[in-house]
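> Turn this into a model:
(chains A, B, C, D and E)
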Amino acid sequence: MKNYILFVSEAFWNTLKGLWVTLKVLFLPAITVQYPTEKLVPYPRFRGMLAYDAEACIACGMCVRACPSKCIALAKAMPVPQQELCSSSGQPVSPEGKRVPKIEWYTIDYGRCNFCGLCEEACPTKTKALWHSLDFEAVFSTREEMTRRWKRGDDLWGTARRSADGQFSAVADQIHIQDVPVRK
Amino acid sequence: MEETIQPKFSEPVFNRSHGRLLMPENRYWPTRMWKNPWSLPTYRRGAAVLAGLLSGAAGAAWLLGEIGPRVAPLYSMAEQYALSYGIPLFLVQTAWTVIKAAVLLAVPLVNALFAVWWERKISAHMQSRMGPMYVGRWHGALQTIADGIKLFLKEDLVPESADKIVHLLAPVAVIIPAILVFAPIPFGRELVYADLDIGTVYVFAVGGVSVMGIIMAGWASGNKFSLLGGLRSAAQLVSYELPRTFSVIPVIMLAGTLNLSAIAGLQAGYWGGVLPRWFIFYPVVGQVAFVVFLIASVAETNRIPFDIPEAESELVAGFNTEYSGMKFALFFLSEFAYVLLSCLLMAAFFFGGGEPPLPFLGFLPSWAWFLGKTLVLMFCFLWFRWTFPRFRVDRLMDFNWKFLLPVSLLNIAAAGVLIWFLDCWAAGLLGG
Amino acid sequence: MTAEEILTELQASFPGLAKSDAQVKDYPAWTVPAQSVRAVCERLRSKFSFDYLDVITAVDWSGQVNPKGYPQSLGQQGSEAAGQPDSQTAQPSSLIPHPSSFPQGRPAAQPAGARDIFELVYLVSALSTGVKICLRCEIPRKEPAAPSLYGIFMAADWQEREVYDLFGIHFEGHPNLKRILTPETQAGYPLRKDYEHVSDRYD
Amino acid sequence: MTQESSTALKTGQMFINFGPQHPSTHGVLRIALTVEGEVVVKADPDVGYLHRGIEKLFEARNYSQGLILTDRLDYVSAMPNNLAYCLAVERLAAVQPPLRAQYLRVMVSELTRIASHLVFFGTFSVDMGAFTPFLYAFREREMILDLFEMLCGGRLLYSYIRVGGVSADCPAGWEEKCGEFITFFKPRLKDYDTLLSFNPIFKDRTANVGRISAAQALSWGLSGPNLRASGPDYDVRKAEPYCVYDKLDFTVPTGKTGSCWDRYYCRMLEMGQSAEIVLQCLDALAGTACLPAGRELPPGEIMAKGVPKILKPPAGQAYAHIEASRGDLGFYAVSDGSPTPYRMHVRGPSFLNVAILQEILAGCKIADVVAVLGSFDIVLGEVDR
Amino acid sequence: MGIILDNLPKIERLPGGGIALTTADFLINWSRNSSMWPLTFGLACCAIEMMAAYASRFDFERMGVFPRPTPRQADVMFVAGTVAKKMAPPIIRIYKQMPEPKFVIAMGGCANCGGPFYDSYSVVKGVDRIIPVDVYIPGCPPRPEALMYAVIKLQQKIRLMKVKNGHGATPLQSAGARKLV
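Here you go, the predicted model:
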């Protein structure tokens, strides 16, 4: 009987203590970030949507080889010998004499991207031609929209094919935290 | 057939003019926010708004004054009006009843609209969240209405394996008692639909009918989880009716009546001018009765820690697993109606109904006190719900039969002793 | 008791037991004939308190993995199609260094150890002494079978089912040997090197 | 209707399909339950609803690409997966990462352990019907995720630990934030205890439920807190110390009865131990702890020298196992000298932890199924691979 | 309550019916926007981020997103994670169990098109192979905010729905408007 009363009172006491914990938090400020009106800016190392700079790119194909989910494709602007294309050194060809290959078009399938950063690490140019921006808000309504295409002269976000008319156009549906994405 | 909708994803959600970027160094970390919450402007603003709301509500109640005593003259006025114009009296009576019934019908509906929102806000803040914020502009004030409209317009699915008629009838069988049960409840002084002399018995009897609807729902759904939920709730609700009813018996013994408004009215006055003569302040008996009634009420309303009939993590959604749209909304409605009912009953039985807790607070009308006490008790329900884990089904029964029921029975005996003691005291036999 | 001592003691009763040539880094490895795996494990457990079975797995030593084992998703073709800019400037596909040839970088020659066998790998350990031993046994690829360890180590239950599911190795004496990870409709044994994938509606 | 069936009171067994879409199967596990009333007669767990063929995919990826797949194995605690994979490959290629990288590895593993156990705490409490602890746990977990985002840019899947080291040194201010978190976190553990661990309802539901004896646990190959709750204090961090665990001071909490509550409480105690380990690592990184031979950890030295970009380890086999959040996680790697692994087998601790369900679930109540399943803290990504 | 929605377009013929219909559309779409109840249904890694979106820091409930355990009461399904071939039939079944109008958000690379498992023998290469998808979110896994952003985008899509065009409740499924494999 004594044990029973002890047990009941202890249970009662523990219950009250639990209630106290929740009551305490009720009067503490909430830690919620009210997303559409308040936005977290990610830390500088955050791996967001890939941004691409067609001017800096030397079309070496290192990113294509590094990507574990094969979401990158590119084509060089000028015909270059096949072995150069596949050279594993990835160095830009020296300026004197030979021309540095340039990009004709470059596509990334965002739908399949892993956001792992291997392509960015593989990019051999001094200012990275391909890097993870801090932007993470991107939403697509069709599957083919997810492929972004860049040609020389496009901005960092490239163009996407509109499923309505099949034309490539600049992407207006994304909101970028940075006006100029951080370049790593 | 279906036209493809191609949305134009162009509207910016985030507008720099009213939005705000949280830079990495300003991230909300509780380490920083909890150190001195009063330094946060949002916290100060929230506190001010809360205080303003509370005092505003009190002021409005003060301005409105007592409603109950004004209702009866209204009716007699209408009667005289009818007499003078030769309108048959029974028409007036009928109209009056219909109006009263409509008001009564509105109680569970309005209650659900408010209580769901309140529950979501309170629970959110207990979990350091915000709860609904956007619908209806101010803190999601219209959230429940939006939910209701959406549920109303949702496709109504009846599973193939279901018993169609019983499946349809189950929500009806749940909701009708949930509305009827409010008939003898006093919402303030003289503010009662039907002032039954056996109000207490009526409430327990009608409220007990709902369990049938839940069993029907569980059985008719043709889903094993629903069936288990329905059977569990049958066992649970029937068992918890006992301690719930027994725990009220001391109150009835002390009050000597079954009329709810009379019980509430009997608790007027103060001991020593300070301590109100509420039943909860009767030594030992009152407190034990209250705790037992509270626990049994939580169990009766199927809420955590007693929500095993719809235990989300075990039985998906229990008896309402197969219900969609409006039918599901009816179950929801009845759940909150019973929560309100329990709180009203507790306020009437144990907290003096519409009596103010301190003499000088009498300037607020009785219905405001009733409402306030009900809200505080409802907060307790939410508080339990969002603090405790769920009982296991056999432990639930153990708890009822091995703890609550004996305690409530003992309490009745104790109440007898207390009454004898009080009688002796009144007769001056003790200490002269 | 070190692994060496256990080996010498066991070799008395199991003549096929020997030290493995190919090392598993940082753990002693023995080769066991397939038919005596169960007996060796039983002895290890009963006499040398090897109470814990870490791993049962298999290696298909038949050579290079067959590229047809990997369905090329339509999504990739879609990405290439979308990658084609405008029709007039379409590039010859040979210029696209997209790795449609697969897998890249693998030497064409068969590895030195390519043989027509499965190798079963067991890792057992004695938690009290901290000795972990790798048992390896080779079984033919045709109608591969090995005795089950079910009953000695219950941990073998699902691991053997997994090996059966992915390699098609039969474990004799296992009471419930059926597919565990892949759906019942799966054709073939995916982790075999010569597995060829049959495209279905989900690819 | 025949005479018997209409008149006789028949009690039949009922078959319940628990999952794959069920709020408390923690993913897509399916348990085929045969019940009699509320009592389970037979339970047959059915896995594979998340089978992604990762072991096959390893054979088509090179070593750095394979690392990405390891993240997806046990997605609640990705860091230890990276670590085990890297240890196995490092053994194959005979690479020794620098000491600073090792401390960082240990630190992130322990932080992940806290984060993972917090997810366990949260989901287990939801299973038990208490929703609030879940949100408290995630509140603290968000802080850890912030730390990881700051460190390596990922919130959930990190790919931080690389073959030969780690991908980046900790940024400025990271250590202070880490310390801030630990000081905030330790008192929270007491809150959790009050809120859940010693709540009478919770204790009643979990103590003496789903008991596993030590012999049973060993035979079924349980590992991690699930094994330790039954008594054996087998912890890879103590038994075969990897990285710098031999230089750190911590204890391995064990349970007695192997009930759900023991498994639960083992994890709660482990969180405290992990917090201690993180503090020790912070001291080491700051140079205040005594390191071997009084050596300081030079900042920036996080990668072993001479690890090529396309790694081609010599032909051979290696097995490395670590104490991940859910138990003994091992990678059995076979290389044939090419840039892709010849075979990579993952010993997922959850896979073995789930297997025992078929034995211990029989005889439980339906409500206990949830408790037992929740207390094992399985992650289906690791079970199905 | 399909009857109401099916017959609602008929009021357009009445005087002032057009305005009434527009108002009704606004109200209906507002309610659907404001209370989007997802199914508690997680598959893999993304499910953890989905849980984080419900949790304190991101708090999905602010937008009226309130998870329901049963498909019968859900409006939107977040396909959060890899869809294995073994899981495909249950997903189709769950989708069929949801009442109209229902929406699907494919969360993360695996649900979009297989993601890192694009060449696996046992992964469905995108959940749109089996059920219609309204919104795709890239990411592996996407941040919780990205999921919220997708919900906001879905709300924008819902705002374009019109009762007149049959974007109502019942008949879609029975008439086979949303073709399933």
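
> Assign C:Cys137 to helix, strand or coil.
strand (DSSP: H, G, I helix; E, B strand; the rest coil).

> Show the pLDDT at it.
C:Cys137 carries a pLDDT value of 88.

> any idea how far it lies from C:Tyr164?
As for C:Cys137, its distance to C:Tyr164 is 16 Å (criterion: CB to CB, to the nearest Å). In short, each C-beta sits where N, CA and C put it, glycine included.

> Likewise for B:Trp367?
Distance of B:Trp367 to C:Tyr164, given as CB to CB: 73 Å.

> For residue 142, give me the pLDDT.
I'll assume chain A. 77.

> I was after chain D.
For D:Glu142, pLDDT reads 90.

> Please give me every residue in contact with it.
Neighbour list for D:Glu142: A:31, E:52, E:55-57 [criterion: CB atoms under 8 Å, 6 or more residues apart in numbering or on different chains].

> quick one: C:Met122 is in a strand?
To be clear, residue C:122 is Tyr; Met isn't right here. Yes. Assessed with three-state DSSP, C:Tyr122 lies in a strand.

> Which strand residues bridge it?
On the basis of DSSP bridges, C:Tyr122 is bridged to C:Ile56, C:Leu135.

> Kindly confirm my reading that B:Arg390 is in a helix.
No. B:Arg390: not assigned to a helix; according to three-state DSSP it is coil.

> Count the residues that sit near the nearest residue to it once chain neighbours are set aside.
Using CB to CB, 6 or more residues apart in numbering or on different chains and skipping residues adjacent in sequence, the residue nearest B:Arg390 is D:Gly129, 2.6 Å away. Per other CB atoms under 10 Å in any protein chain shown, the neighbour tally for D:Gly129 reads 26.

> hang on, D:Gly129 packs against B:Ile304?
Yes. With contacts counted by CB atoms under 8 Å, D:Gly129 reaches B:Ile304, the gap being 5.4 Å.

> got any residues that touch both of the two?
Common neighbours of D:Gly129 and B:Ile304, counting by CB under 8 Å, 6+ apart, are B:388-390.

> Quick check: ChimeraX command selecting the buried ones in these.
To isolate the buried ones among the shared contacts of D:Gly129 and B:Ile304 in ChimeraX, judged by 16 or more other CB atoms under 10 Å in any protein chain shown, type:
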select /B:388,389,390
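
> tell me which of the shared contacts of D:Gly129 and B:Ile304 is nearest to B:Lys327?
B:Arg390 (24.4 Å; CB to CB).

> now E:Ile92: how far from chain D?
As judged by CB to the nearest CB, to the nearest Å, E:Ile92 and chain D stand 11 Å apart.

> Name the nearest residue to that residue, sequence neighbours excluded.
Spatial nearest neighbour of E:Ile92, excluding adjacent residues (CB to CB, 6+ apart): E:Ile130 at 5.4 Å.

> got the phi/psi numbers for D:Arg326?
Main-chain torsions, D:Arg326, degrees, to the nearest 10: phi -100, psi 0.

> Is the residue nearest the centre of chain B part of a helix or strand, or is it coil?
Closest residue to the average C-alpha location of chain B: B:Leu340 at 1.8 Å, with CA atoms, centre = their mean. Here B:Leu340 is recorded as helix under three-state DSSP.

> Repeat that for B:Leu109.
Once three-state DSSP is applied, B:Leu109 turns out helix.

> A:Ala51 now?
strand.

> That one contacts A:Ala138, correct?
No. Under the criterion of CB under 8 Å, A:Ala51 is not in contact with A:Ala138, lying 11.5 Å apart.
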